[in-house]
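# compute the structure for the input listed below.
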Amino acid sequence: MIKYPARILKDGKFFLAKFLDIPDAMTQGENMEELQENAEDILSLALSYLLENNMTIPEPSQQGGDDIIYIKPYHNIALPIMLKKRRKELNLSQMDVAKKMNVKYQTYQKLERAKINPTLKTLERAAETLGKKLILDFT
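All right, here's what the predicted structure looks like:
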């Protein structure tokens, strides 16, 4: 799963989180639990904006330190990012993947832009087409 690092700062009674790889993404919370929930919201919103506008999605960096936490975006945002990354690793176009999946180009395009809620069958086909396995886990 994709995780982005955020630097945590204490500002009076609030905790602040600033994402290191997404400069405009920052949030606050009165406690760490609220901060993490807000950070997940703002990260997902920022990545969603980048996806919808077909902008470059920054790779998550690896950071160290006691003031760093890692935040996962919502699954419906992480999935398109992972699909696009894998497709590019394989040097395939969206059209190539759509043909291999036997779906319309526009359907696959929507999948990479978080514009549809895919079925498990569609996710399995996408994973197989991209040389991966779909693994679901209840933890």
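# check for me that Lys133 belongs to a helix.
No: counting by DSSP: H, G, I helix; E, B strand; the rest coil, Lys133 is not found in a helix; it is coil.
# list the contacts of the particular helix or strand that has Ile77 in it.
With elements taken from DSSP states H and E, the one containing Ile77 is helix 75-89. Helix 75-89 is contacted from outside by 1-2, 44, 47-48, 51, 57, 72-73, 93-94, 97, 111-114, 117-118, 123, 126, 130-132, using C-beta atoms under 8 Å, 6 or more residues apart in numbering. All C-beta atoms are positioned from the backbone trio N, CA, C, and that covers glycine.
# now stretch 107-115
Taking C-beta under 8 Å, 6+ apart as the rule, stretch 107-115 contacts 48, 51-52, 54, 76-77, 79-80, 83-84, 87, 94, 97-98, 101, 116, 118, 122, 126.
# circling back to that earlier point, can you mark which positions in the helix holding Ile77 are buried?
Ile77, Ala78, Leu79, Pro80, Ile81, Met82, Leu83, Lys84, Arg86, Arg87 (16 or more other C-beta atoms under 10 Å).
# what does the model give Thr27 for pLDDT?
At Thr27, the model reports a pLDDT of 96.
# and it, how far from Lys132?
Relative to Lys132, Thr27 is positioned 32 Å away (criterion: C-beta to C-beta, to the nearest Å).
# neighbour-wise, which of those two wins?
Thr27 (23 against 13; other C-beta atoms under 10 Å).
# and the more buried one, backbone torsions?
phi -160, psi -180 (degrees, to the nearest 10).
# dump the residue contacts of it.
Leu16, Ala17, Leu35, Asn38, Ala39, Asp41, Ile42.
# mind checking the SS state of the fifth one?
When the structure is reduced to helix, strand and coil (three-state DSSP), Ala39 reads as helix.
# what's the neighbour count on it?
29.
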